[in-house]
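Q: Next input, structure requested:
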Amino acid sequence: MTASCSCRKAPPYRCESPFSSRCFFGILLVALLLLLPISSDACGEPPRFETMQLRNVSKPSYNPGDSIDYECRPGYQPKHPSLPTSAVCQADNMWSFLQEACTRKQCPNLGDPANGQIRYPNESILFGSQVHYVCNDGYFLIGPSILYCEISGSTVHWSDNPPICEKILCKPPEKILNGKYTNSHKDVFEYSEVVTYSCDASNGTDPYSLVGESKLVCIGSDKWSSDPPQCKVVKCVYPYVENGVIVSGLGPKFYYKATIVYRCNKGFKLNGSNKIVCSANSTWEPEIPTCTKDSKPTHPTTTLGSSHPGYPSPSDETSPKDAESLGAGIIVAIVIGALFGVGVVVCGICFSFCKKKKGKEGIATYSAYQDKATTPAE
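A: The predicted structure is shown next:
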């Protein structure tokens with residue numbers, strides 16, 4: 001019988017559990033290694049500046065001793081006195097200190113325009129600033145109202161040509177039918193100049209009414225303050241109201257803007273507005289009111305008394321004057337009662353005192369008499 005022996009292989013090593021101490025420390029070690037900064041002997045990215053830029057293309061890395069040069073950005077120029085524009089990669093892998101060495105360029109000076117002025121919202125004319133143009137009263141601006149200081153190649157200049165201020169003039173206003181305006185012979189009207197319209201005499205029995213603004217003002221270049229008025233006959237019908245009377249405005253005829261005020265007769269009430277005006281289209285505005293019978297409800301006569309038992313009737317209620325008189329009487333009665341009470345108390349005290357005094361005198365007399373009676377005769 002032959003005996004055989006087979007070697008048993010050891011099982012592969014496994015973590016006892018997903019969160020065993022060995023696995024945990026292994027993961028933690030890898031994470032720490034990944035988080036640790038990679039040491040390098042090179043300087044980082046060159047510093048950035050608002051007014052300066054690198055003269056040459058930036059390299060991926062810089063070794064200690066390497067230097068970089070800056071130049072002014074477009075629209076900027078070196079400061080005076082000049083400041084350093086180079087930085088060096090130092091042994092500690094840090095760039096040497098460097099500050100802004102450039103400043104904004106200035107656009108050409110601008111003078112105030114004739115009949116106008118310039119406003120400086122940025123209080124300067126440096127690159128990136130702006131200026132605003134404003135004309136004097138009676139003048140208007142031709143051209144852009146705002147200019148910007150912009151880059152032009154290696155220099156800066158204004159975004160447009162300066163504007164000018166021209167005098168405001170108006171052409172003659174429109175002529176109207178059956179009317180005219182003042183200074184109609186002029187071909188040009190200046191700023192703020194006024195023309196006044198009026199109506200001609202009518203050929204009929206009714207006059208022309210001027211409907212609209214009678215005065216027009218030149219407020220802009222060829223711009224008047226309003227449209228011209230009209231001259232026409234405006235006549236409204238007699239505004240009769242049954243059971244009513246006209247308080248004011250009564251006349252034989254009612255022309256433009258005639259105003260009527262109404263009042264209804266006694267026993268009637270007004271429906272609508274009590275004031276109406278003759279409008280430009282020969283109608284009353286608002287509509288003519290009406291006076292209708294006042295239908296107030298009649299209440300049955302009731303005797304004076306309280307309609308609610310236990311409560312005083314209106315006639316029993318005391319008026320303010322009665323209440324005042326009643327209050328004064330109560331005060332007088334209280335004062336008299338108090339004085340009477342004080343008198344009674346005083347009289348009682350006096351009576352008691354007198355009574356006690358008489359009693360003492362009687363006892364003394366009786367004692368004296370008794371002593372006298374008991375004394376033996378001499």
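
Q: Please identify the helix or strand for the spatially most central residue of the chain.
A: With distances taken as Cα atoms, centre = their mean, residue 121 lies nearest the centre of the chain, 26.3 Å away. Under DSSP states H and E, no helix or strand contains residue 121.

Q: just checking, it touches residue 132?
A: Yes: Residue 121 sits in contact with residue 132 when judged by Cβ atoms under 8 Å, with a separation of 6.4 Å. Placement of C-beta: from N, CA and C, glycine included.

Q: shaky segments in the protein?
A: Where the chain drops to pLDDT under 70, the residues are 1-41, 297-329, 332, 350, 353-378.

Q: how about the helices in it?
A: Ranges of helices within the chain are 21-35, 320-374, based on DSSP state H.

Q: before we move on, back to that, spit out the contact partners of the residue nearest to the centre of the chain.
A: 129, 130, 131, 132 (Cβ atoms under 8 Å, 6 or more residues apart in numbering).

Q: Which residues are in contact with the third one?
A: Okay, so that is residue 131. By Cβ under 8 Å, 6+ apart, the residues touching residue 131 are 110, 118, 119, 120, 121, 125, 146, 147, 158.

Q: Is there a quick PyMOL command that grabs whichever of these are buried?
A: Applied in PyMOL, the following selects the buried portion of these according to 16 or more other Cβ atoms under 10 Å:
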select buried, resi 125+147+158
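
Q: and the contacts of residue 131 as CSV, adding distance to residue 49?
A: As requested, the contacts of residue 131 are exported to CSV (distance: Cβ to Cβ, whole Å):
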residue, distance to residue 49
110, 30
118, 32
119, 32
120, 27
121, 27
125, 23
146, 30
147, 28
158, 27
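
Q: which one of the contacts of residue 131 is nearest residue 222?
A: residue 146 (24.7 Å; Cβ to Cβ).

Q: Run the chain-centre distance for stretch 64-84.
A: Centre-to-centre, stretch 64-84 and its host chain are 51 Å apart (Cα atoms, centre = their mean, to the nearest Å).

Q: would you put the C-alpha positions of that stretch in CSV?
A: What follows is stretch 64-84 as a C-alpha-only set of coordinates in CSV (Å, rounded to 0.1, in the frame of the first residue of the first chain):
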residue,chain,number,x,y,z
PRO,A,64,15.7,80.5,-10.0
GLY,A,65,17.5,83.4,-11.6
ASP,A,66,15.2,83.7,-14.7
SER,A,67,13.8,87.2,-15.3
ILE,A,68,10.7,88.4,-17.1
ASP,A,69,10.0,91.8,-18.6
TYR,A,70,6.7,93.7,-18.8
GLU,A,71,5.5,96.5,-21.0
CYS,A,72,2.5,98.8,-20.8
ARG,A,73,-0.8,97.6,-22.1
PRO,A,74,-2.4,99.6,-25.0
GLY,A,75,-3.9,102.8,-23.7
TYR,A,76,-1.3,103.1,-20.9
GLN,A,77,2.1,104.7,-20.6
PRO,A,78,5.1,104.5,-18.2
LYS,A,79,4.8,106.4,-15.0
HIS,A,80,7.1,109.3,-14.2
PRO,A,81,9.5,108.8,-12.5
SER,A,82,9.8,105.4,-14.0
LEU,A,83,9.4,102.2,-12.0
PRO,A,84,10.9,98.7,-12.5
